[in-house]
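**Student:** Need a 3D model of the sequence below.
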Amino acid sequence: MIKVHDLIHSRSSRIVWLLEELELPYEQVVYQREPSMMAPPAMKEIHPLGKAPIIQDGDVTLAESGAIVEYILERHGKGRLKPAATSPDYPQYLQWIHYAEGSLMPPMVFDLLIRATGTQADLLGQVVKGMTHSHLQYLNDVLGKQAYFAGSEFSAADIMMEFSVNAGAGTLLPGMERESLLTSYDNIQKYLERVHARPAYQRTLKKINKL
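**Tutor:** Residues are numbered from 1 along each chain as shown. Now for the predicted structure:
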């Protein structure tokens, strides 16, 4: 059974969601954040970085949500939630799996920190704002043409992307809320409504909100 080391209000929700979609058995080990909002030291006993998510699967211990998603799909997915490598949707799928953390999440995190701390750095603020809205417009245009990021079918790319996109709603961390960046992007908002209505996502909310 896969063990998910789950830090509240973190990317580990992606892994719980993936496992719920695949209907795989798993054990959820929950960690509370420190007053600083950092992960507790106990997580470093599992992995040297002490970051969430971390999974253990037999003798495998693995960090990084994108790597974990790919690992679970390859080892346990039985071809589900990803297009075949020969599918015309596969290149899009591959891009969005990596785009979620590689391109979209950095400006989202910078924006969150700037707004939450009231940092007065005009140049940095303008650069981050420009990058963020450039990404959001790109996503909004894509979602105006297709229902999901890899095409017409829901996939693990959506599980990766949802967390990063939803960060723009300004509710990523309690106590650090800010105004939503998504109000002008109708296609993104409709997309989030669509994926959030999935039964597996609703089960995930119950799992991560019961903490």
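
**Student:** When you work out contacts or count neighbours from here on, use the C-alpha atoms and nothing else.
**Tutor:** Fine.

**Student:** burial measure for Lys129, as a count.
**Tutor:** Neighbour count for Lys129, taken as other C-alpha atoms under 10 Å: 16.

**Student:** Excluding chain neighbours, what is closest to it?
**Tutor:** Distances taken as C-alpha to C-alpha, 6 or more residues apart in numbering place Asp111 nearest to Lys129, at 7.1 Å, with adjacent residues excluded.

**Student:** contacting residues for that neighbour?
**Tutor:** Residues in contact with Asp111, defined by C-alpha atoms under 8 Å, 6 or more residues apart in numbering, are 125, 128-129, 132.

**Student:** Please apply the same query to Ile208.
**Tutor:** 8, 13.

**Student:** before we move on, what about Ala52?
**Tutor:** Contacts for Ala52 (C-alpha under 8 Å, 6+ apart) come out as 5-7, 10-12, 39, 63-65.

**Student:** again, but for Glu34
**Tutor:** By C-alpha under 8 Å, 6+ apart, the contact set of Glu34 is Pro40.

**Student:** tell me which element the residue nearest in space to the middle of the chain falls in.
**Tutor:** Taking C-alpha atoms, centre = their mean, the centroid of the chain lies closest to Phe163, which sits 3.1 Å from it. Assessed by DSSP states H and E, Phe163 sits inside helix 156-166.

**Student:** send the alpha carbons of the helix or strand following that helix over as CSV?
**Tutor:** Once the chain leaves helix 156-166, the next helix or strand it forms, by DSSP H and E, is helix 186-196. What follows is helix 186-196, C-alpha atoms only, in CSV (Å, rounded to 0.1, in the frame of the first residue of the first chain):
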residue,chain,number,x,y,z
ASP,A,186,-13.8,33.0,-17.5
ASN,A,187,-12.4,29.8,-19.1
ILE,A,188,-10.1,29.2,-16.2
GLN,A,189,-13.0,29.6,-13.7
LYS,A,190,-15.3,27.3,-15.6
TYR,A,191,-12.4,24.7,-15.8
LEU,A,192,-11.9,24.8,-12.1
GLU,A,193,-15.7,24.3,-11.5
ARG,A,194,-15.5,21.4,-13.9
VAL,A,195,-12.6,19.5,-12.2
HIS,A,196,-13.8,20.4,-8.7
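
**Student:** How far does helix 186-196 sit from its chain's centre?
**Tutor:** 15 Å (C-alpha atoms, centre = their mean, to the nearest Å).

**Student:** avg pLDDT for the helix or strand just after that helix?
**Tutor:** Scanning forward in sequence from helix 186-196 by DSSP H and E, the next helix or strand is helix 199-209. Here helix 199-209 scores 91 as its mean pLDDT.

**Student:** quick revisit: tell me the one among the contacts of Asp111 nearest to Met1.
**Tutor:** Thr132 (38.5 Å; C-alpha to C-alpha).

**Student:** name the element the residue nearest to that closest one when sequence neighbours are not counted belongs to?
**Tutor:** Leaving aside its chain neighbours, Thr132 sits nearest to Pro107 (5.7 Å; criterion: C-alpha to C-alpha, 6+ apart). Element membership for Pro107, per DSSP H and E: helix 105-117.
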